[in-house]
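*Asks:* Next come a sequence and a model predicted from it.
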2 protein chains.
Amino acid sequence: MKQYLKHHEWQIIEEGLNPHYNKISESVFSLGNGRMGQRATFEEDYSGETHQGSYVAGVYYPDKTRVGWWKNGYPEYFAKVLNAPSWIEIRIKIGDQVLDLAKCNVESFTRVLDMKQGLLHRVFTATLPDGKKVRVDSKRFCSMADGEIGAIRYEITAQNFDAPISITLPVDADVVNKDSNYDEKFWEEVHKEAEVGQALVTAQTKKTLFHVCTGIQYVLEQNGKRIEAKATVNLREKYADNVVTTELKQGSPLVIYKYAAILSSENHPKDKLVAHAKAKLKEAVAAGFDQLFANHTRVWAHKWEECDITIEGDVAAQQGIRFNIFQLTQTYTGEDERLNIGPKGFTGEKYGGSTYWDTEAYCLPFFLSTAEPKVARNLLVYRYKHLGKAIENAKKLGFKDGAAFYPFVTMNGEECHNEWEITFEEIHRTSAMAYAMRDYIDYTGDKDYLAEYGLEVLIGIARFWNQRVNWSDEKSKFVILGVTGPNEYENNVNNNWYTNYLGAWTLRFATQAVEFVKTAHPKRYAEIVAKTNFNDKPEMDRWKHIVENMYYPYDPKRKVILQQDGFLDKEIIRVKDLKAEDRPLNQKWSWDRILRSCFIKQADVLQGIYLFEDDFDTETIRRNFDFYEPMTVHESSLSPCVHVILASKIGYKEQAYEFYLRTARLDLDDYNNDTEEGCHITSMAGTWMSLVKGFGGMRVRNGQLHFNPFIPDQWKSYSFRLEFRDRVIKVKVGSGGKVETKLEHGDPLEVIMNGSPIQLS
Amino acid sequence: MKQYLKHHEWQIIEEGLNPHYNKISESVFSLGNGRMGQRATFEEDYSGETHQGSYVAGVYYPDKTRVGWWKNGYPEYFAKVLNAPSWIEIRIKIGDQVLDLAKCNVESFTRVLDMKQGLLHRVFTATLPDGKKVRVDSKRFCSMADGEIGAIRYEITAQNFDAPISITLPVDADVVNKDSNYDEKFWEEVHKEAEVGQALVTAQTKKTLFHVCTGIQYVLEQNGKRIEAKATVNLREKYADNVVTTELKQGSPLVIYKYAAILSSENHPKDKLVAHAKAKLKEAVAAGFDQLFANHTRVWAHKWEECDITIEGDVAAQQGIRFNIFQLTQTYTGEDERLNIGPKGFTGEKYGGSTYWDTEAYCLPFFLSTAEPKVARNLLVYRYKHLGKAIENAKKLGFKDGAAFYPFVTMNGEECHNEWEITFEEIHRTSAMAYAMRDYIDYTGDKDYLAEYGLEVLIGIARFWNQRVNWSDEKSKFVILGVTGPNEYENNVNNNWYTNYLGAWTLRFATQAVEFVKTAHPKRYAEIVAKTNFNDKPEMDRWKHIVENMYYPYDPKRKVILQQDGFLDKEIIRVKDLKAEDRPLNQKWSWDRILRSCFIKQADVLQGIYLFEDDFDTETIRRNFDFYEPMTVHESSLSPCVHVILASKIGYKEQAYEFYLRTARLDLDDYNNDTEEGCHITSMAGTWMSLVKGFGGMRVRNGQLHFNPFIPDQWKSYSFRLEFRDRVIKVKVGSGGKVETKLEHGDPLEVIMNGSPIQLS
């Protein structure tokens, strides 16, 4: 845990250059706009520790996978998030000295991420090795108003000299992926050109053949006036630039505006990319930095209006929640149903793939409540479009008859991940798709989604479970052998309760969906039956039989659910009795030791109780929480939020608050010592849930909003805002738990507050 | 399964060139002499499919490991068997045509491995693309009389032309390892030189810095007379040769003798390697091919006298057993305690490492019975020398106080393997070291081995088990969680019966060893106590407590041992009910499907019953055999032999014979479709056991040899020979089970034949 960033309600502030933390800051201060993003690397040269990263949504590379021991059924490739051609560089040379902060004496360095405006702002004074002193003030943003535009305003002022300055303004597609398995480069040149004032490179990815055209144009100002400077043009393999030379005069600021257009063949015909990029650049230059920025902040103002959460009396908590919302919002805007939410968003390469069950289990509730329904719907449709691949995936593993097994990690619907215990065995993720539908329908009331898309997916998933269970003569029950539950600190276990419960629930839910579509949309139903070869009576009879005879491990002595068969053979120890040097287990213990211990990475039984809360009384929830939480090390970023919600539910306020801080400030304080690789984007949605579902106690039951709010003692008030069925509702919880609920928009509505109905109008 | 090799009692014969099977033949026809070895690649150029392989015992490379997802505790490297500098090439050019069998019309090709003499012999007639026809007769061997000498006699005769011939005679250290993880080459040049008649290259391995000096010298003969021919000398990076040119006259054979000396820094000072190699070459040339060959066959004659097994009436079975004995013998001679028996011997690179538990569990009995006791003893001492590394290895995984965890795969005592389910969890292998001691002591009577070496190892291993068990409150027993048993088609299971049984047995055996050494060697005992910090009373009390309270899974209904907890939750299916297209499972099914099925890769419960046979009555053995064998797919080469032995024991003669053929002809018939990567050397010892312990029913009990022979109906007779406590005993079993037992050497002895004592003198 590190605490070098200053607390502020709307800003992330780093004061002083921290070379050792630079890669962490590059992640934390990242910018994005749903279509592209950029780590907070410096515009000028930097020879210190840095991890360059520029990303374009949807553009990936199927890197040849690296595996020690091949298992039949493994996919051939691992889809990598690509470091895309770079557009931010502004390389400064004064006389013959390169401006490189690693080699300068740097004073009054500040790096600020203004979350309200989506602006990265750096200011510093640097003394070059020869004594020349410059002040730099640099601002940049990735436009939320136009996802293909980035802009930089870079102001440099000589403090104690006059000297010639040379400014290199490149587009560079000769970039590396740190995460490349065999140190390959993934981009090839398609086209490049440069003329004075402009440079463009079109590069294509090997194998996948995505084209990305990156163009830059610049404008110089001195003393507030546009100037023309001498420029030379350079073209190299995958690279184009302008090198501008002029005179830097003491006290007279030189301002460089660098505009970038980043266009991908996902959104433009390949043969039009260059022309479109040039038009886009022309537009950007014509509008100018201030106008572009105004357009950009207008969108942010609207976003914040939709999804801001305020906390009074606790700046660290306020900053934390806003940081989470900010990153989520700039990662996924919901406008493009081909996209999804990568675990690192636009903040790093790590993990690859774009889509995990995180999307359905953690992100969907955030988008349901903070954006129009089509955003969440697009996330569901994304998986619908992958149904064919999920069926293929199941087939590869020996399933048949249209069973659908969604991948653990994917870019295009194909599985990328290669650990048998996850890839083949962490099967619960395939039902995250089903649960997401339920969540979506509960929240929006849009049951017809089942007819349009949902049912086909549900039939595929139900067929998977139907084949994945087997009858145990010994137990006279259906069992599910050889799985990994959400707690990945157990592998290849039998009868993981969460998996069995979710599998059986899916069969029930699929049955209900069949009945609904059959009755409400008979024509569409007939189409689905024909398309899927669905044999409803016998298939559903068998599903019912499984549901009625599913085995669930349970300890009658303690009256707790058992995480899996044999769990009680373990030594039951509490996390608090571990030595400090044993933590985190995943860095200190060998895998076998973790596996045979009782320690839990993230909610497992409790994840199930969280998803199906209404199936359990509060006493049962408390008993299970009391049994499992003390064994939980929360070494997944997805763990604390679920515990906030359950702890809130059973009245463990102090614990709920502690877990909240852990999730909200995970990256800001680098809790898990891994933020330098990128931020934990998907678990940020869990932070939002912690507050709204945890402290706010928000639930939807039978189409009605329920609240059961409490306020942590440390806070004066907090408020959040929900979009719900064409209404906008604002909830403010003050000290003593006093609640104000306001309908900001839409027709009157009854909500249930602490168990009693209240009317909002 | 392929059957392209001809049956013959003493020879392996391939008739006709089989380009598609060439790599299989290269493995099967491999030669070795314990110190080095060579796949049966061609001397002349060959542009068809081939896998070049030349190996020097003990010379390895710690290749940077390749892993998809790193787990804490994984070793950094995987020790690779190295393809060593090559010495066999004799490249022929006639006019401007290269002799390349892939580009010639080849007639009457035969490749013969003469197992009696350890000779590889090839004869063929080839028509070059321009119509020139040559006959080649090539013989080579790796001298068993001098492990550093190889020799080739290559006779070439023009059939229909006179033409100039150029003969390239290289030493080439610029070789590749097919199995290199990152396509690196592992050899660097140290020295090279060439003069007319001779060429030498000394190369060193990167990182490990082994030096190998490979020298060649040649002699030419025409019409039976030595000739001098024009030669030029070439030196390139890691390469030296002579190119000899002369005239080939129709009908007049040209004979090229190529002698090679292969010396490694394991056996010579680095600065003397070149000088020693030159001396060795000089010696070889002076002796000449015939004399060297005579020395070589003399050793083979002696070896065959020691360990031949004859089978009358079944050539395929006879050829099979001899092939197994031949390969084993040329892989490991037992003269160098630093060496061990790699799973592929000198026949391929695959698997890497040199030492698996195969050595103790499968190979030791062969060497105990067919060689002087020091050979088996050297195998034990090898592990004693690795005790320090085994303790380090345990420490890395969180064990303490001198617990010893032997690696699964090793070259120098360090673990190389990187699959958590094997590396960390297949823990039974550490007790293979203990069982081997028992086996050795039972057979040789050399109980003092415990004092000299054994006890230290046993204390370390016992301490491992002591820490690896845990108390289950639920069962009120000690349990062993998270293991992989010998059946690797189950991973991370709880209470694998074999593991629990072996662990408890080890604790008992260690206790007995302590008592023995304490009493019989009090001084040495005091040394060991001091060295190991052994606290005998409390440590042994705890061992006893564990032994008395160990949990063993059992099915009271079927009265069978259970392979592991939860085994009966599986669907119990028989292998014979699988579809043909599902086999072999490891190529057709995904890993999870294999894991949750009941199918067994290799003996597991039955492996335990085999090792501790006397703990079980015949009825129990039969019940367990009847339960488990039908679920066993025998997809490990180590499986059939154990089943021969048990099937023989319980009188399942037909099955025993079937299993025997499968183990004996595994590589000759390429049962598992993988012989092209090398032969299954360690399981060849299992073939020997199948016959001697299976059909012959040989056991040692209380220092006495027991026999319970039967003869398969298909055979007329079989005979084997045992070295046992300074005696040599020959057993011949004829039709109807008539047994002749003969003491060939040594003092009179009582053996137990079918339960009754008989006197041999």
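*Replies:* Cool, the structure landed. Residues are numbered from 1 along each chain as shown, chains lettered A, B, ... in the order given.
*Asks:* CA atoms for contacts and neighbours, from now on please.
*Replies:* OK.
*Asks:* How many residues are close by A:Gly53?
*Replies:* By other CA atoms under 10 Å in any protein chain shown, the residues close to A:Gly53 number 27.
*Asks:* Could you pull up the residues touching it?
*Replies:* A:38-39, A:41, A:83-84, A:86, A:347-349 (CA atoms under 8 Å, 6 or more residues apart in numbering or on different chains).
*Asks:* What segments of the stretch 651-761 of chain A are helices?
*Replies:* Counting by DSSP state H, counting those that start in this stretch, the stretch 651-761 of chain A has these helices, from start to end: A:653-664, A:681-689.
*Asks:* which one of those is the most hemmed in?
*Replies:* Counting by mean count of other CA atoms under 10 Å in any protein chain shown, helix A:681-689 has the highest mean neighbour count of the helices of the stretch 651-761 of chain A, with a mean of 29.
*Asks:* Where does the stretch 401-550 of chain A get nearest to chain B, residue-wise?
*Replies:* Going by CA to the nearest CA, chain B is nearest to A:Ser472 of the stretch 401-550 of chain A, at 4.6 Å.
*Asks:* Which of the helices of the stretch 651-761 of chain A sits closest to chain B?
*Replies:* Closest approach to chain B among those is made by helix A:681-689 (20.9 Å; CA to the nearest CA).
*Asks:* export the closest one as PDB, just CAs?
*Replies:* What follows is helix A:681-689 as a C-alpha-only set of coordinates in PDB (Å, rounded to 0.1, in the frame of the first residue of the first chain):
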ATOM      1  CA  ILE A 681     -11.200  -1.400 -14.200                       C
ATOM      2  CA  THR A 682     -13.900  -4.100 -13.800                       C
ATOM      3  CA  SER A 683     -13.700  -4.200 -10.000                       C
ATOM      4  CA  MET A 684     -14.400  -0.400 -10.000                       C
ATOM      5  CA  ALA A 685     -18.000  -1.200 -10.800                       C
ATOM      6  CA  GLY A 686     -17.900  -3.200  -7.600                       C
ATOM      7  CA  THR A 687     -17.000   0.000  -5.800                       C
ATOM      8  CA  TRP A 688     -20.100   1.600  -7.100                       C
ATOM      9  CA  MET A 689     -22.100  -1.400  -6.000                       C
END
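*Asks:* From the contact counts, what lies against that helix?
*Replies:* helix A:315-331, helix A:364-370, helix A:639-649, helix A:653-664 (3 or more CA pairs under 8 Å, 6 or more residues apart in numbering or on different chains; DSSP states H and E).
*Asks:* Show me what the longest one is packed against.
*Replies:* What that stands for is helix A:315-331. On a contact count with 3+ CA pairs under 8 Å, 6+ apart, helix A:315-331 meets strand A:31-32, strand A:310-312, helix A:653-664, helix A:681-689.
*Asks:* TSV for the helices and strands packed on helix A:681-689, including distance to B:Asp448 and mean pLDDT?
*Replies:* Shown next, in TSV, are the helices and strands packed on helix A:681-689 (distance: least, CA to CA, whole Å; pLDDT from 0 to 100):
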stretch	distance to B:Asp448	mean pLDDT
helix A:315-331	70	96
helix A:364-370	70	96
helix A:639-649	57	97
helix A:653-664	61	94
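*Asks:* In a markdown table, list these along with distance to B:Glu571.
*Replies:* Listed next are these as a markdown table, based on distance: least, CA to CA, whole Å:
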| stretch | distance to B:Glu571 |
| --- | --- |
| helix A:315-331 | 46 |
| helix A:364-370 | 38 |
| helix A:639-649 | 35 |
| helix A:653-664 | 43 |
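*Asks:* Out of these, which one sits most buried?
*Replies:* Mean neighbours per residue, mean count of other CA under 10 Å, is largest over the helices and strands packed on helix A:681-689 for helix A:639-649, with a mean of 27.
*Asks:* residues in contact with A:Pro538?
*Replies:* Taking CA under 8 Å, 6+ apart, we find A:Pro538 in contact with no residue.
*Asks:* hmm, back to that, quick one: which of the helices and strands packed on helix A:315-331 is nearest A:Gly398?
*Replies:* Across the helices and strands packed on helix A:315-331, A:Gly398 has its closest neighbour in helix A:681-689 (31.3 Å, CA to CA).
*Asks:* now that closest one, how far from the centre of its chain.
*Replies:* 8 Å (CA atoms, centre = their mean, to the nearest Å).
*Asks:* what angle sits between that helix and helix A:653-664?
*Replies:* 150 degrees (axes from the mean of the first three to the mean of the last three CA atoms, to 10 degrees).
*Asks:* where are the low-confidence patches of chain A?
*Replies:* A:353 (pLDDT under 70).
*Asks:* Regarding it, what is its longest helix?
*Replies:* Looking across chain A with DSSP state H, the single longest helix is helix A:273-307.
*Asks:* Just the buried residues of it, please?
*Replies:* A:273-274, A:276-278, A:280-282, A:284-285, A:289, A:292-293, A:296-297, A:299-300, A:303-304, A:306-307 (16 or more other CA atoms under 10 Å in any protein chain shown).
*Asks:* Next up, the contacts around the residue nearest to A:Glu581 when sequence neighbours are not counted.
*Replies:* Nearest residue to A:Glu581, sequence neighbours excluded (CA to CA, 6 or more residues apart in numbering or on different chains): A:Lys588, at 7.7 Å. A:Lys588 sits next to A:581-582, B:72 when contact means CA under 8 Å, 6+ apart.
*Asks:* Is there a neighbour count for A:Gly755? I'd like the number.
*Replies:* Residues lying near A:Gly755 (other CA under 10 Å) number 10.
*Asks:* doesn't A:Val479 make contact with A:Asn496?
*Replies:* No - under the criterion of CA atoms under 8 Å, A:Asn496 makes no contact with A:Val479, lying 9.4 Å away.
*Asks:* In terms of neighbours, single out the busier of those two.
*Replies:* More crowded of A:Asn496 and A:Val479, by other CA under 10 Å: A:Asn496, with 31 against 24.
*Asks:* Report the separation between that one and A:Gly482.
*Replies:* According to CA to CA, to the nearest Å, A:Asn496 stands 9 Å off from A:Gly482.
*Asks:* go on, A:Val547?
*Replies:* For A:Val547, the distance to A:Gly482 equals 19 Å [CA to CA].
*Asks:* okay, those two: which has more neighbours?
*Replies:* Neighbour count, other CA under 10 Å: between A:Val547 and A:Gly482, A:Gly482 has more, with 28 against 20.
*Asks:* Quick check: residues of the stretch 301-450 of chain A near chain B?
*Replies:* Selection of the stretch 301-450 of chain A residues close to chain B by CA under 8 Å from any CA of the partner chain yields A:396-398, A:418-421, A:424-425.
*Asks:* Most neighbours among these, which one is it?
*Replies:* Counting neighbours by other CA under 10 Å, the one among those with the most is A:Phe424, which has 26 neighbours.
*Asks:* would A:His12 count as being in a strand?
*Replies:* No His there; residue A:12 is Ile. Yes - assessed by DSSP: H, G, I helix; E, B strand; the rest coil, A:Ile12 belongs to a strand.
*Asks:* Now do stretch A:737-748: everything it contacts.
*Replies:* Outside stretch A:737-748, the residues within contact range by CA under 8 Å, 6+ apart are A:709-711, A:726-733, A:759-761.
*Asks:* most surrounded residue in those residues?
*Replies:* When neighbours are counted by other CA under 10 Å, A:Pro709 leads these with 24 neighbours.
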